[in-house]
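Build the 3D model from these lines:
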Amino acid sequence: MEVLKIVAEGLTTSFRYPHFMQGVHPTFEMPPPATIYGHICSALGKWVPPEGIEFAYHFTYQAKFDDVEHIHVLTPSSGKLPGTKFPKVTEGSVNPFKRTILFKPKLTLYINRPEWKSAFLSPCYSVVLGRSQDLFTYTSVSSVKLVSSAGAYFEHTLAPYRMALQTGRGYVVLMPRFLDYANGRIPFFARYVVLHRRVYTEELIKYQELIGEKYWVDPESPEEKGAQLGLLFHTFVGDYDDQPVMAGLVG
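Numbering: from 1, shown residues only. Coordinates of the predicted model:
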């Protein structure tokens with residue numbers, strides 16, 4: 001399969017958990033699929049139909065730290081602004097909070113749309129990932145033909161939830177999969193596994209349903225123990241295998 005391979009680097013980024021509003025703003029340690037979709041549309045300069053788009057990525061950062069920021073929480077008010085005759089309609093107070101920041105992030109993004117290469121070579125809008133101030137730079141944009149292989153290693157990536165029972169590494173997160181901008185930004189969530197540490201396919205617990213399973217491998221990635229970087233592709237919409245394999249254990 002031929003895919004578009006984009007390498008993007010930045011100084012900082014943060015992917016806020018959407019259900020935290022005050023006090024702390026923790027970050028996902030991997031960009032949610034909904035963030036990737038917005039990033040793609042920003043490069044193309046338009047909202048593209050999400051159907052049929054598949055992506056995989058390798059994401060790293062050098063360090064994680066907390067920054068102190070503040071927000072103004074406003075409430076309706078009445079009366080006049082002090083010393084004036086202007087009506088006062090809102091009032092608020094400064095609320096400090098801690099935001100978790102990822103330092104020196106690097107994203108290698110694979111998309112099953114090699115025809116979009118020219119768009120990423122000359123993106124329509126400023127290249128950002130995460131918040132609007134988290135500027136990124138594309139350091140490489142190319143096409144690559146992936147190789148199908150039964151042997152691979154996975155690291156620093158987002159895995160489908162069904163892999164949760166195949167490896168003891170990683171942890172499960174609930175992430176925004178897609179925001180429906182055509183219907184008031186209705187969010188759709190899905191469960192994933194965040195994999196930081198490397199895991200080889202021979203280390204995965206084998207279930208009967210997965211015998212003979214092959215993976216897409218990046219032939220340009222470093223080779224370790226005879227294996228190369230495996231890619232786990234995701235979609236933004238449509239069916240999603242959100243159920244872990246429970247039966248048919250082999251060996």
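
Poorly predicted segments of the chain, please.
Low-confidence segments of the chain, defined by pLDDT under 70, are located at 208-210, 241-251.

what are the ranges of the helices in it?
With DSSP state H as the definition, the chain shows helices at residue ranges 33-44, 117-121.

got the contact list for the shortest one?
Contacts to helix 117-121, defined as CB atoms under 8 Å, 6 or more residues apart in numbering, come from residues 4, 6, 43, 44, 45, 138, 141, 142, 143. To be clear about C-beta, it is placed using only N, CA and C from the backbone, and glycine gets the same treatment.

so which of the residues you listed is the most crowded?
Comparing the contacts of helix 117-121 on neighbour count, residue 6 comes out first with 24 neighbours (neighbours: other CB atoms under 10 Å).

Tell me the bridge partners for that residue.
When bridges are called by DSSP bridges, residue 6 pairs up with residue 109, residue 141.

Now that it has come up, it's in contact with residue 136, right?
No - under the contact definition of CB atoms under 8 Å, residue 6 does not touch residue 136, with a separation of 10.1 Å.

and for those two, which residues touch both?
Common neighbours of residue 6 and residue 136, using CB under 8 Å, 6+ apart, are residue 107.

Include distance to residue 132 when you put the contacts of helix 117-121 into TSV, please.
Written out in TSV, the entries for the contacts of helix 117-121 read as follows (distance: CB to CB, whole Å):
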residue	distance to residue 132
4	24
6	20
43	15
44	18
45	16
138	17
141	22
142	27
143	29
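
picking up where we left off before, turn the helices of the chain into TSV, including distance to residue 13.
As requested, these are exported to TSV (distance: least, CB to CB, whole Å):
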stretch	distance to residue 13
helix 33-44	9
helix 117-121	18
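
Right, I'll leave it there.
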